[in-house]
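Undergrad: Give the three-dimensional model of this entry:
(chains A and B)
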Protein chains: 2
Amino acid sequence: MLIHNDTIVALATANGVGAIAVIRISGPEAIAIASTVFKGKNLIDVPTHTVHFGLIHRNGEPIDEVVATIFKSPKSYTGDDIVEISCHGSSFIVKKIMQLLIAGGARYARAGEFTLRAFLNGKIDLAQAEAVADMIAVDSEASHIAAIAQMRGGFSQDIINLRQELLNFASLIELELDFSEEDVEFADRKKLTDLVTSIKRSVDALIKSFDLGNVIKNGVPTVIVGKPNAGKSTLLNALLKEDKAMVSEIAGTTRDFIEDEISIEGVNFRFVDTAGLRETIDKLEHMGIERTRQKMKQASLIIYLFDVNTTSENELIEAIDEIKLLSIPYLIVGNKIDTTSKKIHAFRNFDGIIYISAAHNAGLEALRTKLLEAINYASFKTGNTIVTNMRHFESLSNTTTSLHKVLLAIEQKTASDFLAQDIRQALYFLGEITGEITNDDLLGNIFSKFCIGK
Amino acid sequence: MLIHNDTIVALATANGVGAIAVIRISGPEAIAIASTVFKGKNLIDVPTHTVHFGLIHRNGEPIDEVVATIFKSPKSYTGDDIVEISCHGSSFIVKKIMQLLIAGGARYARAGEFTLRAFLNGKIDLAQAEAVADMIAVDSEASHIAAIAQMRGGFSQDIINLRQELLNFASLIELELDFSEEDVEFADRKKLTDLVTSIKRSVDALIKSFDLGNVIKNGVPTVIVGKPNAGKSTLLNALLKEDKAMVSEIAGTTRDFIEDEISIEGVNFRFVDTAGLRETIDKLEHMGIERTRQKMKQASLIIYLFDVNTTSENELIEAIDEIKLLSIPYLIVGNKIDTTSKKIHAFRNFDGIIYISAAHNAGLEALRTKLLEAINYASFKTGNTIVTNMRHFESLSNTTTSLHKVLLAIEQKTASDFLAQDIRQALYFLGEITGEITNDDLLGNIFSKFCIGK
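TA: Purely as a prediction, here's the structure:
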């Protein structure tokens, strides 16, 4: 995996027919190989960051008129020499040009290999590299904000700062090891406890942010439940309709439209498995609670919808008691307020019922606000760093476990060498995130999930 | 349609997820608009054909890290200023950047509008513009060779030369008109007849080439017919298998594989409607000839396959007589030569029977050669200009009709003014091809078939 002194080539743009396609070549021989098939200016002589019109040919036989862009090491995406060939957007032509470049000495790039080289050449750290894949996959405002912040190094800086604090602490402990026979304590145990506690608090906050980060990245699986005729379909359609009106599609960039998904301030709420799931709550008496819980695990958020005209306080108490057993955040929504003669204050046992009329688009704005509150969206809006990556979440979880051991060790006055080992563990797990600590398996695992050409 | 002093923007690469996507902006305000959303070097000050890393932002809020390429008028694809923004290949990000550029004063480009501008700015002629669309659509070696020759102006030059000859002639006739009262003849009628005859011969050759050009561009619809057990499926599978072995697919550029299509020296032979059509010949007695002909029109080439062991000379004569009625080129192929004890020379009434053993891959090379001969492929290989575009075919057909009238007029010693009118017609039709003669409808018709972004 780590061999990276050869020259790689891949299609960098999406597959399919387009006006143009871009073929990217990176490596020590990139410019030399490109120049053997390019008729125009001699690419070897041109300055970096310049663009040249010319002809790709095979022994003089024309293949395509193209534009070649030269990036010279180290001022390139990968840090190596790069040539980007912008040709006509036909798969047939792309294939022919790639075959020529392969014949000239390049090899097909593996998934993520350009970004891997950028990491290995020190252009970006590992969390930034992972954000590149996130950027390509973003499909909502919120996931976009999280990805670009991470790509630009915001998250990495937080981790590096935490790690630096821990390193300072570690160096004092290591010093004690050097003088272990003399039984000295260079590091004040009280101060150390405060420091590790503070670091652990920051790590725990990052871990906690993953719940939100995960829904930001992947959307919030949401389910609307309620009795027949509560107005579930009407509500869903009203939400979808307003969302569609907000989203104007652009010719040429149509994104695959996922049915039953709405975007609220850039967070995607996906309404899942409506067929089987919506009626589940009503049928609790017919099913084992355990089986229902299993089904409900598909949702991260439940909207319980009821008709204010036909529902009694007791019925509502019963339904909500059942939902509470599921341990999933929920909202209680009273529908059809337009037709009620009944005072909605009747449901006095519940705080925070959202009253709407799905049929008349009333109260939907309040519902949307509550949906965002339910996923703790405010912490994202205030600019806190949010963990969106499962691998980072795992490394942080391992870090906090190690820090917990460190605190215990201090408390129990464990010998410095055990203490040092726990600290080294914590440093290791934090270092995994930005790639200061790494290995081939880890890299292989991360970059194999990239698309080819990135 | 012809308003082209504003600034247009479109996604230039294929839709879908890729490592990068390229957004193209063209027009007098291209650089100014791009610079309002680009943080990095001031794009207004940079030289043409240079590339600049920077940040696309909306009022300071980061959208993406991109590379911007500057092409300054007239040294660009369209002839206007162009900025190409290479961003991360997410539809979501592409859409956001496009919306920013639209807000900055650009408008969404229509299909083919960049190439239309290249034509209107005199960067390319109309036949070259059409070849750009052909280039994007090429899916075979032969269509590629035809498209790039046309894009590079080879075909246009032929037309321009013919038109120039005709113009020289026309100017003499027009001179006669100026002196019409004096009844002089500046143009020697014998020489003129020779000249027009020669031009007409060239035009007719181009018209004739369209049969080949059409199959080069669209493939050759081919049908294999014959009695049950003649070995039709075995032959088709043998041809497909050899072709697949020759075509190695490249990761990332997989082209949609069309079933039952083989490529011979870059020409695609498509085996059509095998279910309904292959048996047709055998069932001629059960169907009206006219209906069969109608069905057979789907094919440009027929392979009649027979088992040399079980077919008598008379049966073969009868089958071929029926095929001849269809007026479609055909090949007669005798199969199963490996199992024959019968002398294949038995079929002495036929020249050019191709003897094969589909089951043993024997004789397939000869069959492939004959397939190419059947579509008159040799004229393409010798580098003759081939007409591949239906519009050009129609203009050339109109031209030859006008030239025919000119010849008649000379022969019948018609007055110069009628002669002049027929020549002007011929000049008009030839001029349509390269766009020297044009109008909005024609341009609208041509460019609306392009993809957006080209």
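
Undergrad: And stretch A:72-92, end to end?
TA: Using C-alpha to C-alpha, to the nearest Å, one end of stretch A:72-92 lies 29 Å from the other.

Undergrad: Does at least one residue of that stretch sit close to chain B?
TA: Yes. Interface with chain B: stretch A:72-92 contributes A:84, A:86, A:88, A:89, A:90, A:91, A:92 (C-beta under 8 Å from any C-beta of the partner chain). Just so you know, the C-beta spots here come from the backbone N, C-alpha and C atoms, and that holds for glycine as well.

Undergrad: for the stretch 51-200 of chain A, what are the low-confidence residue spans?
TA: Counting by pLDDT under 70, the low-confidence segments of the stretch 51-200 of chain A come to A:180, A:183-184, A:186-187.

Undergrad: Near chain B, which residues of it are found?
TA: So far as C-beta under 8 Å from any C-beta goes, the stretch 51-200 of chain A lies against chain B at A:51-52, A:62-65, A:69, A:71, A:84, A:86, A:88-96, A:98-99, A:108, A:114, A:132, A:135-140, A:144, A:148-149, A:151-152.

Undergrad: if you set the cut-off to 7 Å instead, what comes out?
TA: A:51, A:62, A:64-65, A:69, A:88-95, A:98, A:108, A:135-139, A:144, A:148, A:151-152 (C-beta under 7 Å from any C-beta of the partner chain).

Undergrad: Mark which of those residues are part of helices, please.
TA: Among those, the members found in helices (DSSP state H) are A:91, A:92, A:93, A:94, A:95, A:98, A:135, A:136, A:137, A:144, A:148, A:151.

Undergrad: How about the contacts made by the last one?
TA: When the contact criterion is C-beta atoms under 7 Å, 6 or more residues apart in numbering or on different chains, the partners of residue A:151 are A:128, A:131, A:132, A:135, B:65.

Undergrad: Now it. Nearest residue, chain neighbours left out?
TA: Sequence neighbours aside, residue A:131 is the residue nearest to residue A:151 in space, at 3.7 Å (criterion: C-beta to C-beta, 6 or more residues apart in numbering or on different chains).

Undergrad: Now for that neighbour, which secondary structure element holds it?
TA: Using DSSP states H and E, residue A:131 sits in helix A:126-137.

Undergrad: In three-state terms, label residue A:86 for me.
TA: strand (DSSP: H, G, I helix; E, B strand; the rest coil).

Undergrad: Now do the same contact list for it.
TA: A:20, A:22, A:66, A:67.

Undergrad: Count the neighbours of the spatially closest residue to residue A:13 that is not a sequence neighbour for me.
TA: In this structure, residue A:13 finds its nearest non-sequential neighbour in residue B:13, 4.0 Å apart by C-beta to C-beta, 6+ apart. Using other C-beta atoms under 10 Å in any protein chain shown, residue B:13 is surrounded by 26 other residues.

Undergrad: Can you verify my assumption that residue B:13 contacts residue B:21?
TA: Yes. With contact defined as C-beta atoms under 7 Å, residue B:13 counts as touching residue B:21 (5.0 Å).

Undergrad: Low-confidence ranges, the stretch 201-350 of chain A, go.
TA: A:242-259, A:272-297, A:340-345.

Undergrad: Show the residue spans covered by the strands in it.
TA: A:220-225, A:261-264, A:267-271, A:301-307, A:330-335 (DSSP state E, counting those that start in this stretch).

Undergrad: In a markdown table, list those along with distance to chain B and mean neighbour count.
TA: Formatted as a markdown table, these follow (distance: least, C-beta to the nearest C-beta, whole Å; neighbours: other C-beta atoms under 10 Å in any protein chain shown):
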| stretch | distance to chain B | mean neighbour count |
| --- | --- | --- |
| strand A:220-225 | 17 | 24 |
| strand A:261-264 | 11 | 20 |
| strand A:267-271 | 11 | 23 |
| strand A:301-307 | 23 | 23 |
| strand A:330-335 | 27 | 23 |
